[in-house]
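Enquirer: Fold the following, please.
(chains A and B)
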There are 2 protein chains.
Amino acid sequence: MKIAIIGIGITKFTEHWDKNLSDLAFEAGMQAVIDSGISGKDIDSIFIGNMSAGRFTGQDHLGAFIADKIGVNIPSTRVEGACASGALALRCGINSILAGESKISLIGGAEKMTDISTANVTTGLMGAGDEEWEGEIGLTFPSLYALMAQRYIYEFGIKKEYISYAAVKNHFNASLNPIAQYQKEITLDNVMNASMVSEPLTLLDCSPITDGAAAILIADEKTAKKYCKNPVYIIASAQAQDTLALHDRKSLTTLNATVEAAKIAYKQANKTPNDIDLCEVHDCFTIAEILAIEDLGFFPKSKGAIHTYNRDTSLNGKIPINTSGGLKACGHPVGATGIKQIIEIVQQLKGVCGKRQVKNAKIGMTHNVGGSGATAVIHILEKSF
Amino acid sequence: MKIAIIGIGITKFTEHWDKNLSDLAFEAGMQAVIDSGISGKDIDSIFIGNMSAGRFTGQDHLGAFIADKIGVNIPSTRVEGACASGALALRCGINSILAGESKISLIGGAEKMTDISTANVTTGLMGAGDEEWEGEIGLTFPSLYALMAQRYIYEFGIKKEYISYAAVKNHFNASLNPIAQYQKEITLDNVMNASMVSEPLTLLDCSPITDGAAAILIADEKTAKKYCKNPVYIIASAQAQDTLALHDRKSLTTLNATVEAAKIAYKQANKTPNDIDLCEVHDCFTIAEILAIEDLGFFPKSKGAIHTYNRDTSLNGKIPINTSGGLKACGHPVGATGIKQIIEIVQQLKGVCGKRQVKNAKIGMTHNVGGSGATAVIHILEKSF
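Expert: Prediction:
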């Protein structure tokens, strides 16, 4: 598989009090069109990743909504897989191109989360878990991941500080990223002493509520060369599922969907974890980043936290993780996250990331998770120049 | 394009007080697997059409949800396009096969609508329209379609009875369909004298709130022949969009998305309206059926209602429309409707519809609409035997 990314666009990730969902989607989509040098007429299809516009803003039917706001009449479809909605939309777009239905497809992700109360957002997000078996007894996403963190600490005898260092690193990276929600550094003391959300996760172990949109234009190799000298290529796209509820899983310290999707992706791309120069992983909570870097094969099981604390995943480490600042500090507008991850890797491979640039980055990976791990989507990207 | 349908499954369309969304999806999915003779392991991907599980039941992330309930770990993705969600899921499944990602794909549609109040369902469904410009000023779907009916009557000088006869016909068809929500005949007097919902549409001009699920298995031609001697083939799959809000359109008496999608579909299949033996159209309201049969090219603009009243779309008419009973009388579990339409055509082409069987049906069409016409999806099916 070789699908080219020929344009990118992204809004600032923040609380956008003066912009609604269509403003955000329009801004990201137009940026991607301008970046690619195509005209709107060249786009054959749109796929938009969004989790909860219906619950958060009252607006469903987002495919039609986005096509309308952009002013094009081409097939436009919303794809939803909770926090993995963005990456799933990309997968549908890739299929549209491989199927010969599209030459160029616009893939967007958008979420407007701040128009309702935080409590309602937290309840809404629980729709990503098992509503019947987890939501109705009062579990929320922080508490689901807190259970994983508890188990990780218990099973492997790990200090919580090692896990929480992921937040310190991601805030540092975000301090160098102009679109990030929190462009400021924090200390490990800040994380450890922040308000407790769900033992052992404090406020600063958790990703925030964010408004934002991201868009990319993808094309088949031949079409791409018309518009773009040196596109970044997607060389693997993989998706795997796991049970929706935590209690149905064999282990709380591994996300099986990540392990399975990674196997497929490495095989598709004919690469190993050692070939990956940097990776954007789904750090909705610090513990999620630790489990991800183990499940993706970068570090042995139980060693991810220690390696994080030892700076092996920092900007100049063995394998830089979440150079964008991750969900934790760049922000997490749910449906947009999967596309933002792709954009960060594209920019790193193009070498335009300024102070947060990873040197000699040639191959990057994105890891987008839905719910507490019931969906995992992995893409591997390679520069062609 | 030639995609085979190798299995079908459908629940009764009704108010399922004793079943939840997963019960319904499981029942339809398992029926389709049994019908096809494959085993669950043979399925490569799942695409599920659903509009509002998040708002209606609290459960989002339906791809993972369905894979979990069925007990398979294969890529499973939810697709949403309001009332066209089912047909859009089918389109993503078709692409997955054409792209070479899947040999067999399970396409489902499901909606559980009766667990919240009717008022909340009506508000939720307005998410399919333009929430900002239509929903916030109090428009609901009955009132949007009432505006179209008013204009149709005014512009063409048509008696309202002619439009409403679509409901009488559809109830008769549903009386012969064992899965239909309302298996009873009604008279034109019943429709005209029912409670007014939004002038000129009465209660019996409107489709009901329904629980239900439908599933089909699709495969590439070669794979299909292993499991199925004489599959029905999908020979066209087309999608078009229009503005979300009614006020942005040039006409209230035509759905431009339907006209555009039909053009593409007829071209893909190399057919004309005269080649179509029967059609399931999206009759969320009686006026919607009238506009559809004109926009699809079966009758000239302004003549659809008169032809309906003259029995030209009845079971033994020139072109039977909505032999299942349509959304009006078979029921309208939003996400399931697009797949139910496909199943009705498959059964008609197989000649297993008993008293509602259309004689010598060889080519059938489905027409699934999202919102007030911002999305239209058309499939053409042909028997191979």
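Enquirer: okay, CA-based contacts and neighbour counts for the rest of this
Expert: Will do.
Enquirer: got a pLDDT number for A:Arg55?
Expert: The score at A:Arg55 is 88. That number is its pLDDT.
Enquirer: what's the spacing between it and A:Thr122?
Expert: Distance of A:Arg55 to A:Thr122, computed by Cα to Cα, to the nearest Å: 11 Å.
Enquirer: And these two? Which one has more around it.
Expert: Neighbours were counted for A:Arg55 and for A:Thr122 using other Cα atoms under 10 Å in any protein chain shown; A:Arg55 has more, 23 against 14.
Enquirer: What helix or strand is that one located in?
Expert: Following DSSP states H and E, one finds A:Arg55 within helix A:53-57.
Enquirer: Please name every helix or strand in contact with that helix.
Expert: helix A:118-125, helix B:53-57 (3 or more Cα pairs under 8 Å, 6 or more residues apart in numbering or on different chains; DSSP states H and E).
Enquirer: Would you mark the buried spots in the first one?
Expert: By neighbour count, and taking 16 or more other Cα atoms under 10 Å in any protein chain shown as the criterion, the buried residues in helix A:118-125 are A:121, A:123-125.
Enquirer: Stretch A:173-188 too?
Expert: For stretch A:173-188, burial by neighbour count (16+ other Cα under 10 Å) applies to A:173-177, A:179-186, A:188.
Enquirer: Let's see which of the residues you listed end up in helices.
Expert: Counting by DSSP state H, those place A:173-174, A:188 in helices.
Enquirer: Pop out the phi and psi values for the residue of the stretch 101-250 of chain A found nearest chain B.
Expert: With Cα to the nearest Cα, the shortest gap between the stretch 101-250 of chain A and chain B falls at A:Gly127, namely 4.3 Å. The phi/psi pair for A:Gly127 (degrees, to the nearest 10) reads phi -60, psi -10.
Enquirer: Just the pLDDT at it, thanks.
Expert: Looking at A:Gly127, the pLDDT reads 91.
Enquirer: Start from the N-terminal end of chain A and give the strands.
Expert: Per DSSP state E, chain A carries strands over the ranges A:3-10, A:45-49, A:76-80, A:104-111, A:196-198, A:201-202, A:212-220, A:232-241, A:278-280, A:363-370, A:375-383.
Enquirer: can I get these in TSV with distance to chain B and mean neighbour count?
Expert: Rendered in TSV, the data for those read as follows (distance: least, Cα to the nearest Cα, whole Å; neighbours: other Cα atoms under 10 Å in any protein chain shown):
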stretch	distance to chain B	mean neighbour count
strand A:3-10	12	27
strand A:45-49	10	31
strand A:76-80	5	31
strand A:104-111	13	31
strand A:196-198	22	16
strand A:201-202	24	24
strand A:212-220	12	30
strand A:232-241	5	25
strand A:278-280	21	27
strand A:363-370	7	27
strand A:375-383	6	28
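Enquirer: With mean pLDDT as extra columns, can I get those strands in TSV?
Expert: TSV is the format used below for those (pLDDT from 0 to 100):
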stretch	mean pLDDT
strand A:3-10	98
strand A:45-49	98
strand A:76-80	98
strand A:104-111	97
strand A:196-198	97
strand A:201-202	98
strand A:212-220	98
strand A:232-241	98
strand A:278-280	98
strand A:363-370	98
strand A:375-383	98
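Enquirer: Save those strands as TSV, and put in distance to B:Leu204 too.
Expert: Compiled in TSV, these are given as follows (distance: least, Cα to Cα, whole Å):
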stretch	distance to B:Leu204
strand A:3-10	47
strand A:45-49	36
strand A:76-80	31
strand A:104-111	38
strand A:196-198	52
strand A:201-202	55
strand A:212-220	42
strand A:232-241	43
strand A:278-280	54
strand A:363-370	41
strand A:375-383	42
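Enquirer: Nearest to A:Ile287, out of those strands?
Expert: Closest approach to A:Ile287 among the strands of chain A is made by strand A:201-202 (8.6 Å; Cα to Cα).
Enquirer: Parallel or antiparallel, list what pairs with that closest one.
Expert: strand A:196-198 (antiparallel) (DSSP bridges).
Enquirer: With just CA atoms, put stretch A:173-193 into CSV.
Expert: Taking Å, rounded to 0.1, in the frame of the first residue of the first chain, the C-alpha atoms of stretch A:173-193 are listed here in CSV:
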residue,chain,number,x,y,z
ASN,A,173,7.1,19.0,23.9
ALA,A,174,3.8,21.0,23.8
SER,A,175,5.7,24.1,25.0
LEU,A,176,7.4,23.9,21.6
ASN,A,177,4.3,23.4,19.5
PRO,A,178,2.4,26.5,18.5
ILE,A,179,-1.0,24.7,18.1
ALA,A,180,-0.9,23.0,21.5
GLN,A,181,-3.5,23.7,24.1
TYR,A,182,-0.9,23.9,27.0
GLN,A,183,2.3,25.5,25.8
LYS,A,184,3.9,25.4,29.2
GLU,A,185,6.2,23.1,31.1
ILE,A,186,5.1,21.3,34.3
THR,A,187,7.2,19.5,36.9
LEU,A,188,6.8,16.0,38.2
ASP,A,189,5.8,17.5,41.6
ASN,A,190,3.1,19.4,39.8
VAL,A,191,1.7,16.1,38.5
MET,A,192,2.0,14.2,41.7
ASN,A,193,0.4,17.0,43.8
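Enquirer: Okay, and the beta partners of the closest residue to A:Ile234 other than its chain neighbours?
Expert: Once flanking residues are discounted, A:Ile234 sits nearest to A:Leu381: 4.5 Å by Cα to Cα, 6 or more residues apart in numbering or on different chains. Note on A:Leu381: beta-bridge partners by DSSP bridges are A:Ile234, A:Gly364.
Enquirer: Thought A:Pro231 was touching A:Leu381, still the case?
Expert: No. Here A:Leu381 lies out of contact with A:Pro231, judged by Cα atoms under 8 Å, at a distance of 10.4 Å.
Enquirer: Could you give the number of residues near A:Leu244?
Expert: A:Leu244 - counted by other Cα under 10 Å - has 29 other residues nearby.
Enquirer: no no, A:Gly304
Expert: 25.
Enquirer: just A:Gly354 next, same as before
Expert: For A:Gly354, the count of nearby residues is 11 (other Cα under 10 Å).
Enquirer: tell me the contacts of A:Asn360?
Expert: A:Asn360 is in contact with A:Leu349, counting by Cα atoms under 8 Å, 6 or more residues apart in numbering or on different chains.
Enquirer: Is the residue of the stretch 101-250 of chain A closest to chain B in contact with B:Gly54, as I believe?
Expert: Yes. Taking Cα under 8 Å as the definition, A:Gly127 is a contact partner of B:Gly54 at 6.3 Å.
Enquirer: residue boundaries of the helices in chain A?
Expert: Under DSSP H, chain A gives helices at A:21-36, A:53-57, A:62-70, A:85-98, A:118-125, A:141-156, A:160-174, A:188-193, A:221-227, A:256-269, A:286-295, A:304-309, A:334-350.
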